[in-house]
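Student: Give me a model of this one.
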Amino acid sequence: MEQGDLPSGGVRSDGVPSGDTPPGLRVGHRREATTAPGGRLVPMKPAVRVPARVDPWVVAVVTVALAVVTAILLPLFLDPQVAVLAKAGIAVMWFGAVGLTLGMSLPVRYRFEGPGFTVRAGLLTLRFAYRDIVRADRVISPLSGPAWSLVRVRLALDGGGWIEVAPRDREGFLEELAARAPHLRPSPRGLADPRRVRGR
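Tutor: The predicted structure is shown next:
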């Protein structure tokens, strides 16, 4: 647990209770405020870090894939009969495969803060306003995304976009999201805004 984090139900150093944050989520010191669609004020809540779920077999598959790419390209790069220009191309391919995979996926961090939800995956940072989230569905998905597990939550956004995340405590994540985005209501697959998902 990082400095400044408290378990559910604890009291922060400034004497403010951490509230009913679900177990598995980490409570920070900053307190945030936002508004729901229609301008309704949402009570201030502390920023919360969400541990990501990591499936060892997913890590193993990615590691093997990168090792195979390296095993294919390295002999070509070391072959004295391969032209220098071709070696430069091989180096670019290797750095592209390995560098982009690791640079855009390690580490994966999720955080509830300010008026929205933040995803950090390596060098990539994405922020989504709570008011723009229209669905949060439990899914099992192999699609590419900032996640090291197939057990995910798919956040559908107003306008048609979506992103999949893999919190360690999926139910706790949905509970915390519902508390911060009161326009979302329980649905068979998770949460949904009944006004904006009708007919989808």
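
Student: Now do the domain split for this structure, please.
Tutor: 26-50+105-192, 56-103 (automatic domain parsing).

Student: Packed most tightly, which of those domains would that be?
Tutor: Most buried of the domains of the chain, by mean neighbour count (mean count of other Cβ atoms under 10 Å): domain 26-50+105-192, with a mean of 17. Bear in mind the C-beta positions are built from the backbone N, C-alpha and C, glycine included.

Student: For it, what does the pLDDT average out to?
Tutor: Average pLDDT, domain 26-50+105-192: 87.

Student: Just give the closest residue to residue 138, not the sequence neighbours.
Tutor: residue 190 (5.1 Å; Cβ to Cβ, 6 or more residues apart in numbering).

Student: Residue 91 in helix, strand or coil?
Tutor: With DSSP: H, G, I helix; E, B strand; the rest coil as the basis, residue 91 sits in helix.

Student: so how far is residue 102 from it?
Tutor: Distance, residue 91 to residue 102, using Cβ to Cβ, to the nearest Å: 16 Å.

Student: likewise residue 158?
Tutor: Relative to residue 102, and taking Cβ to Cβ, residue 158 is found at 32 Å.

Student: How about residue 60?
Tutor: Taken as Cβ to Cβ, the span from residue 60 to residue 102 is 15 Å.

Student: now residue 190
Tutor: Separation of residue 190 from residue 102 (Cβ to Cβ): 30 Å.

Student: follow-up on the earlier one: report the contact partners of the residue nearest to residue 138.
Tutor: 135, 136, 137, 138, 153, 174 (Cβ atoms under 8 Å, 6 or more residues apart in numbering).

Student: Thanks again, I'm all set now.
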